[in-house]
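[1] fold the following.
(2 chains)
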Number of protein chains: 2
Amino acid sequence: MAKRLKRTRAKAAVGVDAGGTYTKIGVVTPDGRVLREAQIPAEVQAGPEAFAGRVAGLVESWTAAGGFALAGLGLGLAGDVDSERGRLRFTPNLRGWDGFDFRKALGRRLGCRVAVENDANVAVWGGFIMELKRKPRNVVGVTLGTGVGGGLVCEGSLYRGSTGSAGEIGHNVVEPGGELCHCGRRGCLEAYVGSYGIVRLARRVVEKDPARARILTALCPELDRLEPRHLSQAADQGDEAAKEVWALAGGYLAIGLANVVLLLNPDVILILGGVSRAGRWILDPVEKHFAAQPFRTAFARARVKLAAATRAGWIGAAMLAMENAA
Amino acid sequence: MAKRLKRTRAKAAVGVDAGGTYTKIGVVTPDGRVLREAQIPAEVQAGPEAFAGRVAGLVESWTAAGGFALAGLGLGLAGDVDSERGRLRFTPNLRGWDGFDFRKALGRRLGCRVAVENDANVAVWGGFIMELKRKPRNVVGVTLGTGVGGGLVCEGSLYRGSTGSAGEIGHNVVEPGGELCHCGRRGCLEAYVGSYGIVRLARRVVEKDPARARILTALCPELDRLEPRHLSQAADQGDEAAKEVWALAGGYLAIGLANVVLLLNPDVILILGGVSRAGRWILDPVEKHFAAQPFRTAFARARVKLAAATRAGWIGAAMLAMENAA
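    All right, here's what the predicted structure looks like:
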């Protein structure tokens, strides 16, 4: 028995988080131990077949080096994913990748099960496991990046909805007829708290009264290069314009999340993604808004938690692959 | 065996739907056969103990008459219900009933299991069983009455959320800073499509240009007595003001339901309650809005269905009681 245990390599799965700019990829065991980790450029224009080839090549080099038995591969893709067929139905950020059969391409070459999921779903699943230790029953995850995505954990399981498209919190309309969103509609939450929405708000606020934005313009003299991190830094240093931008963006986030709390009555709202690093600038307006709601029971329960974890995406994808393979 | 079957009375459960004005109550078998049905005044001011006594008395008269074996009792209450403890935590319509232990009071006297639930949840569960035959996996139910409630069926089960408060679709903010809602906030969906919201919209439209409301004012000369049914009748007869009111209310319903479709990606949106009798006046704006959405997969899947069934509430409560007792 001892001999057999010695020969058995640890089971682990590969997770891949494919964004529009780069791809994060790694190997993780069922109990969350990270064995390998890498980041490769997305090279979207080279097409999905080339992408699958590069991913498979990297995985083969890892399996050849040994140390684990490949239990599956999970792939998170930015777009509307048909998980049952293992392909993208629609994607604004991975142009030309829709329709390609990732499951077949990767599964044949690597000889393992492949799970394909929406990138926000895998990030929320990863956050649920790594940050929340699977403890809460009901979790709403929001990914704040260029776009605003989301994923739902209902009664401890990832809820995908009827076509795998659930969790689009970013397109909750918070201001009918409001700012233009990347989706083509007006007034979506993303149009205010996606990084492009925050930056657009900031330009307006600065142009209205540049004198209030002295710290911000010192940090980032070219408004065209403004990023949410400049706004957090400036607000930390007392910049009035930056504080106003966060109050505006955070106010819209609060309205959108309150709608979700009233609908889903979660234990935790987990905020992931780059913009979550704004910390209390994004959290304070939400908590203030929640405290003023008349529906006491639901809002008292819903804890808002920031998770800056940058590995949630690929780890969540790997974990989903292992669960599907089990 | 045949002898034993003959002696065994059909199992059935009592369902109770307690609204602010009257209580609907009945007996139904697991396969949906209605054995008894009645309606009694709510008499809210007489208190919850008197209410429980009247319900128990009626049920005892039914069980004494025979014909079925009591498998349980389900009670739907308008308000924030703590299902685990069998009581109301908060209720604007059943004043003074919060905190009373309905489960204990009814369970002791009738000697059966008692399930206590939010009234919108039981109505949606009843509609899911009776109208949809439990076929779709994911259903969003909306109850359009004085208030606007909702209930969610996720993967074939009633989703209650972490404190039993899930499904509050009526308080999705569709117009920040907009009309005042009964909950005390501004711009909730209910403030536009709850019957009081529709009537408020109608008064404004009529006062703006009374000449466009000739048919409506002939149907209901006193604006103070206006009800949604007058607006449907007037619109059917070509009244321009009434048509404008439905376009406005339906437009807000469309925004709220689109938010829910993007979040939950359901197979069916089931619209219940009195206002659903407005038929195409409420359905057309929603379907038009859905058809114009960029997220094709989710909106193509979500079928919107009107269910005028007035029994959904008590039947849903009874069905839930049988499931809990099983």
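
[2] the helix or strand hosting residue A:69: partners in the sheet, and parallel or antiparallel?
    Following DSSP states H and E, one finds residue A:69 within strand A:68-77. If you go by DSSP bridges, strand A:68-77 pairs up with strand A:10-18 (parallel), strand A:114-118 (parallel).

[3] using CSV, write out every CA atom in the last one.
    Coordinates of the C-alpha atoms in strand A:114-118 are reproduced here as CSV (Å, rounded to 0.1, in the frame of the first residue of the first chain):
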residue,chain,number,x,y,z
VAL,A,114,-12.2,19.9,-20.8
ALA,A,115,-14.8,22.3,-19.3
VAL,A,116,-15.4,25.6,-21.0
GLU,A,117,-17.1,28.4,-19.0
ASN,A,118,-17.6,32.2,-19.0
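
[4] got TSV for the strands paired with strand A:68-77, with mean pLDDT and mean neighbour count too?
    Heads up, the C-betas are built off the backbone N, CA and C, glycines and all. As requested, those are exported to TSV (pLDDT from 0 to 100; neighbours: other CB atoms under 10 Å in any protein chain shown):
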stretch	mean pLDDT	mean neighbour count
strand A:10-18	95	26
strand A:114-118	96	26
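
[5] in TSV: those strands, plus distance to residue B:196.
    Formatted as TSV, these follow (distance: least, CB to CB, whole Å):
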stretch	distance to residue B:196
strand A:10-18	48
strand A:114-118	39
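
[6] now do the strand holding residue A:69, average pLDDT.
    Across strand A:68-77, pLDDT averages out at 96.

[7] which elements pack onto the very next helix or strand once past that strand?
    Per DSSP H and E, the first helix or strand lying C-terminal to strand A:68-77 is strand A:80-82. If you count contacts as 3 or more CB pairs under 8 Å, 6 or more residues apart in numbering or on different chains; DSSP states H and E, strand A:80-82 packs onto strand A:87-90, strand A:114-118.

[8] distance from the longest one to the middle of the chain?
    In terms of CA atoms, centre = their mean, to the nearest Å, the centre of strand A:114-118 is found 14 Å from the chain centre.

[9] what do you get for the first one?
    Using CA atoms, centre = their mean, the mean C-alpha position of strand A:87-90 is found 18 Å from that of the whole chain.

[10] check whether that strand comes near chain B.
    Yes. Using CB under 8 Å from any CB of the partner chain, strand A:87-90 comes into contact with chain B via A:89-90.

[11] mind giving me the packing neighbours of that strand?
    strand A:80-82, helix A:102-110, helix B:296-301.

[12] the first one pairs with which strands, parallel or anti?
    By that I understand strand A:80-82. strand A:87-90 (antiparallel).

[13] tell me the buried residues in stretch A:195-209?
    A:195-202, A:205-206 (16 or more other CB atoms under 10 Å in any protein chain shown).

[14] identify whichever of the helices and strands packed on strand A:80-82 lies nearest to residue B:252.
    Residue B:252 lies closest to strand A:87-90 among the helices and strands packed on strand A:80-82, at 27.5 Å (CB to CB).

[15] hey, where'd the strands end up in the stretch 151-300 of chain A?
    Counting by DSSP state E, counting those that start in this stretch, one finds strands in the stretch 151-300 of chain A at the ranges A:157-159, A:268-272.

[16] let's have these in CSV, adding mean neighbour count.
    Output for the strands of the stretch 151-300 of chain A, formatted as CSV (neighbours: other CB atoms under 10 Å in any protein chain shown):
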stretch, mean neighbour count
strand A:157-159, 20
strand A:268-272, 25
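
[17] residue B:60: which of the strands paired with strand A:68-77 is closest?
    Nearest to residue B:60, of the strands paired with strand A:68-77 and by CB to CB, is strand A:114-118 at 54.0 Å.

[18] relative to helix A:102-110, how tilted is the closest one?
    Angular relation of strand A:114-118 and helix A:102-110 on a 0 to 180 degree scale: 150 degrees, by axes from the mean of the first three to the mean of the last three CA atoms, to 10 degrees.

[19] what's next to strand A:114-118, contact-wise?
    The list of residues contacting strand A:114-118 from outside it, by CB atoms under 8 Å, 6 or more residues apart in numbering or on different chains, reads A:72-83, A:86-87, A:102-103, A:106-107, A:125, A:149, A:151, A:164-165, A:167, A:317, A:320-321, A:324.

[20] just the buried residues of those.
    For these, buried by 16+ other CB under 10 Å: A:72-83, A:86-87, A:102-103, A:106-107, A:125, A:149, A:151, A:164-165, A:167, A:317, A:320-321.

[21] how much space between residue A:129 and chain B?
    According to CB to the nearest CB, to the nearest Å, residue A:129 stands 19 Å off from chain B.

[22] so does stretch A:303-318 get close to chain B?
    No. On the criterion CB under 8 Å from any CB, stretch A:303-318 is out of touch with chain B, staying 10.3 Å away.

[23] out of the helices and strands packed on strand A:80-82, which is closest to residue A:25?
    Nearest of the helices and strands packed on strand A:80-82 (CB to CB): strand A:114-118, 13.4 Å.

[24] continuing past the closest one, what's the next helix or strand?
    helix A:119-130.

[25] partners of the helix or strand that that following helix is followed by, with directions?
    The helix or strand immediately downstream of helix A:119-130 is strand A:139-144, counting by DSSP H and E. Applying DSSP bridges, strand A:139-144 is found paired with strand A:148-154 (antiparallel), strand A:268-272 (parallel).

[26] for residue A:39, grab the count of nearby residues.
    Number of residues near residue A:39 (other CB atoms under 10 Å in any protein chain shown) recorded here: 12.

[27] could you check how far it is from residue B:83?
    47 Å (CB to CB, to the nearest Å).

[28] ok, the nearest residue to residue A:10 once chain neighbours are set aside - contacts?
    Closest residue to residue A:10 apart from its sequence neighbours, by CB to CB, 6 or more residues apart in numbering or on different chains: residue A:68 at 5.1 Å. Contact analysis of residue A:68 by CB under 8 Å, 6+ apart lists A:9-12, A:27, A:29, A:35, A:62.

[29] looking at the helices and strands packed on strand A:87-90, which is nearest to residue A:159?
    helix B:296-301 (13.4 Å).

[30] helices or strands up against the closest one?
    Judged by 3+ CB pairs under 8 Å, 6+ apart, helix B:296-301 is in contact with strand A:87-90, helix B:240-264.

[31] gap between the spatially closest residue to residue A:281 that is not a sequence neighbour and residue A:67?
    Setting aside the residues directly before and after it, residue A:281 is nearest to residue A:246 in space (CB to CB, 6+ apart), at 4.0 Å. Using CB to CB, one gets 45 Å for the distance from residue A:246 to residue A:67.

[32] what do you get for residue A:288?
    49 Å.

[33] repeat that for residue A:32.
    For residue A:32, the distance to residue A:67 equals 16 Å [CB to CB].

[34] contact partners for the residue in the stretch 101-250 of chain A that chain B sits nearest to?
    Chain B sits closest to residue A:161 of the stretch 101-250 of chain A, with a gap of 2.5 Å, by CB to the nearest CB. Taking CB under 8 Å, 6+ apart, we find residue A:161 in contact with A:167, B:138, B:264-266, B:298.

[35] which single one of those residues is nearest to residue B:217?
    Using CB to CB, the contacts of residue A:161 come closest to residue B:217 at residue B:266, 39.4 Å.

[36] the closest one: what's it in contact with?
    Residue B:266 neighbours (CB under 8 Å, 6+ apart): A:161-162, B:136, B:138-140, B:260, B:301-302.

[37] farthest-apart pair in those residues, please.
    Longest span within those, CB to CB: B:136 and B:260, 14.7 Å.

[38] those two: which has the busier surroundings?
    Shown here are residue B:136 and residue B:260; by other CB under 10 Å, residue B:260 has more neighbours (23 against 18).
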